[in-house]
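>>> Just need the structure, nothing else, for what follows:
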Amino acid sequence: MKIVIAGARAIGTYLAKLLSRNNEEIILIDDDEDSLDNISTNFDVLTLHAHPGSISALRQAGVQECDLYIAVTLDQHVNLESCAIAKALGAKQTVAKVEDYEFADPENHDILKASGVDSVIYPELLGAKDIINGLKMSWVRLRWDVHNGALVMLGIKLRETAEILNQPLKDICGPEEPYLIVAIKRGNETIIPNGNDELQANDLAYFMTKRNYIPLIRKLVGKEGYADVKNVMVMGGGKTAVRTASTLPDYMNMKIIEKDPARCEHLNELLLDTDRVLVINGDGRDVSLLIEEGIKNTQAFVAITGNAETNILACLTAKRMGVRKTVAMVENLDYAAMAESLDIGTIINKKAIAASHIYEMLMDADVSNVRFLMNANADVAEFVAQPGSKVTRKKVFELGIPYGMTIGGIVRDGEGILVRGGTQIQAGDNVVVFCHNADMKRIEKFFL
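Coordinates of the predicted model:
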C-alpha cells in the first residue's frame, strides 16, 4: 500500500513512525526540512521537501497512484485543499485534519465528500470523547465500547483491595465467569495472560465483559468506594475543553479555569446555552484558587493545557488535595509513560487517538473502532468475519492466532459473547482482537 502524508509535525510524524512498522510505502511531505531530516534518520520513510498545497509537489510524491492521502499540516485549509487536489489527481482515499467543528459535523460530510475529502479527523472532538468516557466511570483508567456497548473493555488499576489478586486466572476467569482478562500491564511489560498467570497489586488489567456485569467487575477490583463524578474541574480553556463541555452528561457540572481573560469571554459566548459550565479566569496551578473554587467537593480534575508538564503537575496537586479521578492531556509519548508511572488516572494523547482512526482506513478487512492503547503498546479493533474466512473454519483454539494477539469477544446479532477456546466464530460476527507489540495487519488475513 502506498501512503502519502502531508505534514511532518506531531500527528504526521507519529503516523509515519506507526505505519513504517507495517512495511508500507510511505512518503512524508513538508516544507520544514529539519522536521523531515529528523524522521528520515530514524525510520524507513521517504521524504519530500515541498509545500503540501503544491500540485507539482503532490504529483512528485505520486499521489495519483497512492491508496491513501493523509493531510495533517497545521493549517486546516491546506489540508482540505490538498485532499481535493490529491483526489482529483487519482488518490483512492483522502483524509484531512480539521480545527473547526463545522468540518467534522456529520451534516456536512456529503459536501466534503463531493469536494474530494473522504474523511476528516478533529482531534479535539476525539479527545473530548475520551475525557467524557473517563469521567463517566471514575474508577477505571480506560473504557472502550464495542458495537455500541454490546461488549465493554475496561482498563483498571488494581489496588490491594482487589479480591482477585494472587490467584491463577484459571481459578477466577473460568468458563462460567462473565468476564475475561485479555491483557495485563505490569511495570513496563505487557502480558497476554494464560490460565496460570496471576494478577498483582498495581497491575493495569484489561477486562472484557458485558455492560450489565460492570458492577460485578467494580466489586471484584475493590472500587465500590469510589464516588461517581458529579463535579469536574478543568484546567485549560482550549478547543478540547469546549468540546468536552458541549458533550457533558446531564448529571455533571463543570468549572473551566483559564488564564487568558479574552479567552474566558469567548468561552462564555461559546457555552452560553449551558448553565452547568462555569468559566473562571485564573491559574489552575494556584492552590488557593482551587480551594476557593471547591476542589474538596470535586470528584474529577482534568488538565488539558498545551503543556504536558503543567498538566501532569496539576493532576498530582489535585490528587494530593483528595481528587481521585485525574485526567491529563499529554502529547509527548515519553511524558505519557512518566504520567502513568506517577499514577495519573487517564492519559489523553490526541495524536494517538487520531492515528487510530486513520489506521482503520489501511486495513483490507472489514474493521472499525481501532484503538491504540499507549500504556500497553497495543492495538485493539473490531473486525467483521467474512463468509468463508479462515476465522470461521475452526474453533478459536485451533486457529493458530499469532503470538501477542488474542480474541476477547464477539458480537452476534447485537449480543455480546465472551470468547473461549472452544468458541466457533461465524460469518458476520463482530470480533474484538487485542494485538500487543505486533502488526495488526498480520491478523486481518484471518477475516478476509
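>>> Check the gap between the residue of the chain positioned farthest from its centre and residue 83 for me.
Here the chain reaches farthest from its C-alpha mean at residue 56, the gap being 35.0 Å by C-alpha atoms, centre = their mean. Residue 56 sits 17 Å away from residue 83, going by C-beta to C-beta, to the nearest Å. Where you see a C-beta, it was placed from the backbone N, CA and C, and this is true even at glycine.
>>> for residue 186, same thing?
Distance from residue 186 to residue 83, counting by C-beta to C-beta: 43 Å.
>>> bridging residues for the closest residue to residue 141 other than its chain neighbours?
Using C-beta to C-beta, 6 or more residues apart in numbering and skipping the chain neighbours, the partner closest in space to residue 141 is residue 155 (4.4 Å). When bridges are called by DSSP bridges, residue 155 pairs up with residue 142, residue 206.
>>> Can you report how many residues neighbour residue 155?
Per other C-beta atoms under 10 Å, the neighbour tally for residue 155 reads 19.
>>> can you check residue 142 too?
Residue 142: 23 neighbours (other C-beta under 10 Å).
>>> before we move on, what about the one 10 residues further on?
Other residues near residue 152 come to 23 when the count uses other C-beta under 10 Å.
>>> in what helix or strand does it lie?
Residue 152 is part of strand 151-157, with elements assigned from DSSP states H and E.
>>> ok, now residue 182?
strand 179-186.
>>> picking that back up, now could you export just the CA positions of the strand holding residue 152 as PDB?
Extracted C-alpha coordinates of strand 151-157, given in PDB (Å, rounded to 0.1, in the frame of the first residue of the first chain):
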ATOM      1  CA  LEU A 151     -19.200  -5.600  24.900                       C
ATOM      2  CA  VAL A 152     -17.000  -3.300  27.000                       C
ATOM      3  CA  MET A 153     -13.300  -3.300  27.700                       C
ATOM      4  CA  LEU A 154     -12.200  -1.700  30.900                       C
ATOM      5  CA  GLY A 155      -8.600  -0.800  31.900                       C
ATOM      6  CA  ILE A 156      -8.400  -0.900  35.700                       C
ATOM      7  CA  LYS A 157      -5.500  -0.200  38.000                       C
END
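>>> So residue 76 sits against residue 100, correct?
Yes - here residue 76 reaches residue 100: they are 6.7 Å apart, a contact under C-beta atoms under 8 Å.
>>> Neighbour count: the two, which is higher?
The residue with more neighbours, out of residue 76 and residue 100, is residue 76; 18 against 12, by other C-beta under 10 Å.
>>> For the stretch 1-150 of the chain, which segments are assigned as helices?
For the stretch 1-150 of the chain, the helices defined by DSSP state H, counting those that start in this stretch occupy 10-20, 33-42, 55-61, 76-89, 101-104, 109-115, 123-136.
>>> ok, now the stretch 151-300 of the chain?
Using DSSP H, counting those that start in this stretch, helices in the stretch 151-300 of the chain cover 169-172, 214-220, 239-246, 261-270, 287-292.
>>> Mind checking those helices for the one nearest to residue 48?
Nearest to residue 48 among the helices of the stretch 151-300 of the chain is helix 239-246; the distance by C-beta to C-beta comes to 30.0 Å.
>>> That closest one: which residues count as buried?
By neighbour count on 16 or more other C-beta atoms under 10 Å, the buried set for helix 239-246 is 239, 240, 241, 242, 243, 244, 245.
>>> again with stretch 84-104
So for stretch 84-104, counting by 16+ other C-beta under 10 Å, buried means 84-87, 89, 91-98, 103-104.
>>> I'd like to know which elements the helix or strand containing residue 340 is packed against.
For residue 340, the host element (DSSP H and E) is helix 333-341. Secondary-structure packing of helix 333-341 (3 or more C-beta pairs under 8 Å, 6 or more residues apart in numbering; DSSP states H and E): helix 308-320, strand 346-348.
>>> at 10 Å instead, please
Here helix 333-341 touches helix 308-320, strand 325-329, strand 346-348, helix 350-359, going by 3 or more C-beta pairs under 10 Å, 6 or more residues apart in numbering; DSSP states H and E.
>>> who wins for proximity to residue 269 among the ones you listed?
Closest to residue 269 of these is strand 325-329 (C-beta to C-beta; 23.3 Å).
>>> Show me the strands paired with the closest one, marking each as parallel or antiparallel.
strand 300-303 (parallel), strand 346-348 (parallel).
>>> Distance from that strand to the middle of the chain?
Offset of strand 325-329 from its chain centre (C-alpha atoms, centre = their mean, to the nearest Å): 14 Å.
>>> quick one on the thing from earlier: for the helices of the stretch 1-150 of the chain, which one sits closest to residue 233?
Short answer: helix 123-136, nearest of these by C-beta to C-beta, at 11.3 Å.
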